[in-house]
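**Student:** Got a predicted structure here, sequence first:
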Amino acid sequence: MKKIPFFCFLSFSIIFLWNISDTKFSKMSVKKSAVNNQSKRENENIVKKDNDKQNAVLILTFMRSGSTFLGELFNNHDDAFYVFEPLHAFSSSGFSPKTVSQRLNLLEKNLKCNFTDTYDVTVPYAEISKDLDLQYILDTKGNFMFRSKHRRLCAPPFCVAETSEEKCNSVCNYVDSSMASSVCKGLTPAIKAIRFIEVEGLEKMAKENNLDLKIIFLARDPRGIYSSRLKIYDSEKTGDSKVRDFQKKMVNDVCRHTRNFFEKRESSTWLKKQSLIARYEDLSLNPEDKSEEILKFSGLSYNEKISEWIKSNTAARADSSGSFSTSRNSTKTAFAWKSDLEIRDIEEIQKSCSESMRILKYEPITV
């Protein structure tokens, strides 16, 4: 029997012991790595649970405040499900205290993407709208009010093909409410409302429904609002004192509601955190930067598609006179009141709206 030299035996022993040690170290490393990964997953789950809220956006503003343009930012965003003025059914009652719970309930259902209980396809739209005192012709087909204003609802899977706003009602069938709810829940619901300012009920509603609700308060210079309203209600420029006085009253109400909103915001930590103040004039002068700020606040990305839409919709257009138009020379529109209004009207509004103008940093002018 051939003897193994001592140095070979020693070498073999060292290698054997090293392999055992290395194997134990490897197993320990794998075990440690597995523990770390498990801990990481647990931490991620905790974070997910903390942030497991439905992102939602609510644009609050008043008539003729440039909200249609702002809403279109969300209407053209691939990660948003935009709902255009669902509270229009309350146009005749405005901010009546009698309808607060009804309006809040309707907003809640839309923010939860609960369209099946909100829109009844078995009732013709003509029947739904027969008692509405509307100033303009609304959609005459579709179980969503202003259905044609919803880009998603005029395209597959809700329509046979992507259809323009003008042709949506004639080409597309009724909206499948269940499908709309399903699609909406995978996106960020974004609602524009001009008939809701009772923000004290929003915190409770958001928490009860596990919503990360982002509130965008869109403000406009009251002199601009008054001028814009006159272009609708006194389009012939008759100078009718009854019309002008009534519109001034409406603008005074806007200023009062604006003051109230800021008072409530100052006293609510939740509302301060969850709300963003945007001025129409700032959006008009610097649309890309302000839009990016608004979308970022809303938890949405600012992308090339949005940028291109802004560029094409803030330039002059010949067909931009409609009340719900989105294509305008935004800068010209924002400050048209300076040349359109008489100085006595400007001074009267500045006096009645002095506090809200101060809060929003709108400077009064004098002759």
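**Tutor:** Here it is on my side, so go on.

**Student:** Excluding chain neighbours, what is closest to residue 113?
**Tutor:** residue 184 (3.5 Å; C-beta to C-beta, 6 or more residues apart in numbering). All C-beta atoms are positioned from the backbone trio N, CA, C, and that covers glycine.

**Student:** I'd like the next helix or strand past the host helix or strand of the one you found.
**Tutor:** Assigned by DSSP states H and E, residue 184 belongs to helix 177-185. Next in sequence after helix 177-185, counting helices and strands by DSSP H and E, comes strand 188-193.

**Student:** I'd like to know how many residues surround the closest residue to residue 282 other than its chain neighbours.
**Tutor:** Distance criterion C-beta to C-beta, 6+ apart; nearest residue to residue 282, sequence neighbours excluded, is residue 290 at 5.4 Å. Residues within reach of residue 290, counting by other C-beta atoms under 10 Å, total 20.

**Student:** Buried residues, the strand or helix carrying residue 290. List them.
**Tutor:** Element membership for residue 290 (DSSP H and E) is helix 287-297. Within helix 287-297, the residues scored as buried using 16 or more other C-beta atoms under 10 Å are 287, 290-295, 297.

**Student:** And that helix, how far out from the chain middle?
**Tutor:** Helix 287-297 has its C-alpha centroid displaced from the chain centroid by 12 Å (C-alpha atoms, centre = their mean, to the nearest Å).

**Student:** Likewise for stretch 301-314?
**Tutor:** Distance, stretch centre to chain centre, for stretch 301-314: 16 Å (C-alpha atoms, centre = their mean).

**Student:** same thing with stretch 151-169?
**Tutor:** Using C-alpha atoms, centre = their mean, the distance from the centre of stretch 151-169 to the centre of the chain it belongs to is 21 Å.

**Student:** in the protein, which spans are strands?
**Tutor:** When assigned using DSSP state E, the strands of the chain occupy the ranges 54-60, 80-84, 188-193, 211-219, 275-279.

**Student:** looking at those, which is buried most?
**Tutor:** Mean neighbour count, computed with mean count of other C-beta atoms under 10 Å, is highest for strand 80-84 among those, reaching a mean of 26.

**Student:** can you list the weak-confidence ranges in this protein?
**Tutor:** 1-51, 117-143, 315-330, 367 (pLDDT under 70).

**Student:** Against residue 346, how distant is residue 256?
**Tutor:** 19 Å (C-beta to C-beta, to the nearest Å).

**Student:** pretty sure the residue nearest to residue 113 is touching residue 81, no?
**Tutor:** Yes. In this structure, residue 184 is within contact of residue 81 by C-beta atoms under 8 Å, at 4.1 Å.

**Student:** Against residue 280, how distant is residue 116?
**Tutor:** In terms of C-beta to C-beta, residue 116 sits 35 Å off from residue 280.

**Student:** the more surrounded of those two?
**Tutor:** Higher neighbour count among residue 116 and residue 280: residue 280, with 24 against 15, using other C-beta under 10 Å.

**Student:** circling back: and the residue nearest to residue 113, how many residues sit next to it?
**Tutor:** 23.

**Student:** Please name the residues that touch it.
**Tutor:** Applying C-beta atoms under 8 Å, 6 or more residues apart in numbering, we find residue 184 in contact with 81, 113, 115.

**Student:** what separates it from residue 169, distance-wise?
**Tutor:** 21 Å.

**Student:** for residue 295, same thing?
**Tutor:** Distance from residue 295 to residue 169, by C-beta to C-beta: 29 Å.

**Student:** returning to that earlier point: just list the residues touching the residue nearest to residue 282, thanks.
**Tutor:** Residues in contact with residue 290, defined by C-beta under 8 Å, 6+ apart, are 278, 282-283.

**Student:** Now render those residues as CSV, adding distance to residue 106.
**Tutor:** Formatted as CSV, the contacts of residue 290 follow (distance: C-beta to C-beta, whole Å):
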residue, distance to residue 106
278, 24
282, 30
283, 27
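
**Student:** Closest one to residue 210 out of the residues you listed, please.
**Tutor:** Residue 210 lies nearest to residue 278 out of the contacts of residue 290, by C-beta to C-beta, at 25.8 Å.

**Student:** My read is that that closest one contacts residue 215, right?
**Tutor:** No. In this structure, residue 278 is not within contact of residue 215 by C-beta under 8 Å, at 10.7 Å.

**Student:** shared neighbours of residue 184 and residue 81, anything?
**Tutor:** The contact sets of residue 184 and residue 81 overlap at residue 113 (C-beta under 8 Å, 6+ apart).

**Student:** what comes up buried for stretch 197-204?
**Tutor:** 197-199, 201-203.

**Student:** Any chance of those in TSV with distance to residue 301 as columns?
**Tutor:** Output for these, formatted as TSV (distance: C-beta to C-beta, whole Å):
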residue	distance to residue 301
197	29
198	31
199	27
201	30
202	25
203	27
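
**Student:** any idea how far residue 53 lies from residue 292?
**Tutor:** 23 Å.

**Student:** circling back: list the buried residues of the helix holding residue 184.
**Tutor:** Of the residues in helix 177-185, 177, 180-181, 183-184 count as buried by neighbour count, 16+ other C-beta under 10 Å.

**Student:** repeat for stretch 82-98
**Tutor:** Residues 82-91 are the ones in stretch 82-98 that count as buried (16+ other C-beta under 10 Å).

**Student:** now do stretch 241-252
**Tutor:** 244, 247-248, 250-252.

**Student:** quick one: which of those is nearest residue 162?
**Tutor:** Closest to residue 162, out of all of the buried residues of stretch 241-252 and judged by C-beta to C-beta, is residue 250, at 37.8 Å.
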